[in-house]
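what follows is a protein structure lacking sequence information:
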């Protein structure tokens, strides 16, 4: 029986043209983040099942690719459910493995630690267009810094990277704080123990609008007065640092001291450092899905495309799950696959550093002569050129057209008898 | 209960210092191979279990990390063995996925296709020092070229990459052909149907020596005369192209026509193209483990280290398992982890492109002033510098020592009052 030619469901073979774009984007991201002093690290793709199922991943925990136990540890007869069969799984994000990594290696890492992590993650999501079960994430995190310098650095570094990659697109950073969301909910009279449920509904604002959110809150048994109060708090808010300060005054008594000043300071600093090269907006409706956020949250969207291309926030209580002692942590993740799709769809051509030459030789070329050609090619490569040495096809015109698509622009042709050349 | 801090058994967290070396080596490999016109591609880490278990992977098939079926497909009650539970697994090499990829995408790929693939593979091997269950492979392959230009290119490209990465180490390429091994076995009177078994024993030559091989052949029921004949054929052979030709003459009648001329031509061409910058040796004892090789095989070892750092060969019958039609294929894989270990052990320092500056600011710096410093840092980064902006620790001397280890060599210090500066 023939073997299976297609990749497994929901995963994809990446063709050379897309690889070029991916390589270019990764290069820009690495270069930018490294210029800010971030250090690259790597965690294994496979993670303990106990860690993956520890409620740090929200709905992603339902999408884990679980890895079967091996050897004697696998006991099919006594297994009652799938968790008896698996001892590990593929990571669904880079944040949980980073927290484990930091807990494991903090003694030999600088403090604060500015981490850069680039790698694939896996989620057994329902396959749909443009969404794959294996995809790449590019995260930066600052671990061990409780001050808002962490947020300021993360935002300036990520927007620098995005500006380099997509200089044509104007983008917008929306920012909020989980503590604001919480204070607004308490101010509006929602019961404290139901706040997470309120957030999940408010998170749908983009999709269903304010009226939709109001309806859903009421359908879920919340008081209409609370819903109205909450929505009116959110509407008509100034979207700059001054708006943050005013909201802070309004929420006095419900909001943690210093939270408003902290957020306003982040906005002021980012504006001062980066100028007005992108929009920076206080958005009290921003929730971000993950339950582990404890403070500032942020999201970047491209103007005109309406999709989020990066997001992150502060998660001061995840590392403590590993060490027993909380460590301040804040991170920003670039939606690498979205960026690649945007560039591919726009017909982006990767700028090449040097001319690519194709040297075509006639079929049945004498071995000694071919060696001489290949030796000459070696010398040209040593000067930094890309030289493809390839046999001339019967349809040379078509062959050259294909090579042009791969970026070749200069040619040499070699024939068996020098006279024909 | 606290979560698990250590990585899963046999896998490792990679620290920033090693990541720098890895990034450097990957950069050199990519740059070299791309200058030869190889195109990078990527296959999913997860592969169909049917493909992984199709006898292309030899002993590696016993080491597969299997991925549990999901949702309704997982039926624990009716499962009789572990293969009923898994529909996929982590790839154990890059060659099998490449063959599937080529079968799936040949219509849109150039012919011949010069492929570069860099990625992690997973094997549930017994954990031991320096050997991990997740490790990176760097492969080049030429698919669709039946001529020995493929071998010549693969050898010159890989030795070019190795020379750039380890300019201090002299290395040696040993070369053989599976058809030679086969002809030598038939010439010595081994039964044709037992030849694979003979190869497995001969493959131990490095470890147990000629006498050990003779003993083991006899213990396995082979005739002592055959063993002696085989070993005498292998000993005292000239290790150059002339040795290949003479061996070819001796094996006339047993060896496929043209096989000796082909191998001798490869050796002549590589010597002509690359000069004598590395050793190139005909080694009739070279077997290489994988059963899928059909012709030329080669292996690179570092002088003085006695370990193989790269290996490969021709496997003309794997792609046919997917398409029903054989496609010539030849590949070379660099032992990336070995190279990294050699460099790390030798105290290799990654050459940095530009000076790395650390700008340290005093604790409780005024927010406005800190923004101004960070803005200045942005301008310096735009000029290509790496600028780390970090809070000054109490023990500044220790902090700077740590930063020196990370490659920082220039300093600026900022204090709350300018006078103290």
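Perfect, thanks for sending it. As the structure is a prediction and not an experimental result, all values here were calculated from the model.

would you map the helices across chain A?
A:16-35, A:49-52, A:95-105, A:149-165, A:178-187, A:195-202, A:205-219, A:224-234, A:241-250, A:259-274, A:320-323, A:336-345, A:367-382, A:396-405 (DSSP state H).

CSV for those, including mean neighbour count?
For every residue, glycine as well, the C-beta is placed using N, CA and C. Shown next, in CSV, are these (neighbours: other CB atoms under 10 Å in any protein chain shown):
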stretch, mean neighbour count
helix A:16-35, 19
helix A:49-52, 20
helix A:95-105, 24
helix A:149-165, 23
helix A:178-187, 22
helix A:195-202, 18
helix A:205-219, 14
helix A:224-234, 17
helix A:241-250, 18
helix A:259-274, 21
helix A:320-323, 19
helix A:336-345, 18
helix A:367-382, 17
helix A:396-405, 14
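
how about the ones you listed in JSON lines, adding mean pLDDT?
Formatted as JSON lines, the helices of chain A follow (pLDDT from 0 to 100):
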{"stretch": "helix A:16-35", "mean pLDDT": "96"}
{"stretch": "helix A:49-52", "mean pLDDT": "95"}
{"stretch": "helix A:95-105", "mean pLDDT": "97"}
{"stretch": "helix A:149-165", "mean pLDDT": "96"}
{"stretch": "helix A:178-187", "mean pLDDT": "95"}
{"stretch": "helix A:195-202", "mean pLDDT": "91"}
{"stretch": "helix A:205-219", "mean pLDDT": "93"}
{"stretch": "helix A:224-234", "mean pLDDT": "93"}
{"stretch": "helix A:241-250", "mean pLDDT": "96"}
{"stretch": "helix A:259-274", "mean pLDDT": "96"}
{"stretch": "helix A:320-323", "mean pLDDT": "94"}
{"stretch": "helix A:336-345", "mean pLDDT": "94"}
{"stretch": "helix A:367-382", "mean pLDDT": "95"}
{"stretch": "helix A:396-405", "mean pLDDT": "91"}
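
to residue B:107, which of the ones you listed lies closest?
Of all these, helix A:396-405 sits nearest to residue B:107, with 12.2 Å by CB to CB.

pretty sure residue A:374 is touching residue A:389, no?
Yes - using CB atoms under 8 Å, residue A:374 is in contact with residue A:389, at 5.8 Å.

now the helices of chain A in JSON lines, with distance to residue B:44?
What follows is the helices of chain A, written out as JSON lines (distance: least, CB to CB, whole Å):
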{"stretch": "helix A:16-35", "distance to residue B:44": "14"}
{"stretch": "helix A:49-52", "distance to residue B:44": "19"}
{"stretch": "helix A:95-105", "distance to residue B:44": "19"}
{"stretch": "helix A:149-165", "distance to residue B:44": "24"}
{"stretch": "helix A:178-187", "distance to residue B:44": "35"}
{"stretch": "helix A:195-202", "distance to residue B:44": "32"}
{"stretch": "helix A:205-219", "distance to residue B:44": "31"}
{"stretch": "helix A:224-234", "distance to residue B:44": "42"}
{"stretch": "helix A:241-250", "distance to residue B:44": "44"}
{"stretch": "helix A:259-274", "distance to residue B:44": "37"}
{"stretch": "helix A:320-323", "distance to residue B:44": "30"}
{"stretch": "helix A:336-345", "distance to residue B:44": "14"}
{"stretch": "helix A:367-382", "distance to residue B:44": "32"}
{"stretch": "helix A:396-405", "distance to residue B:44": "25"}
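
can I get these in a markdown table with distance to chain B?
Shown next, in a markdown table, are the helices of chain A (distance: least, CB to the nearest CB, whole Å):
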| stretch | distance to chain B |
| --- | --- |
| helix A:16-35 | 4 |
| helix A:49-52 | 5 |
| helix A:95-105 | 5 |
| helix A:149-165 | 7 |
| helix A:178-187 | 19 |
| helix A:195-202 | 21 |
| helix A:205-219 | 26 |
| helix A:224-234 | 27 |
| helix A:241-250 | 12 |
| helix A:259-274 | 4 |
| helix A:320-323 | 5 |
| helix A:336-345 | 12 |
| helix A:367-382 | 4 |
| helix A:396-405 | 6 |
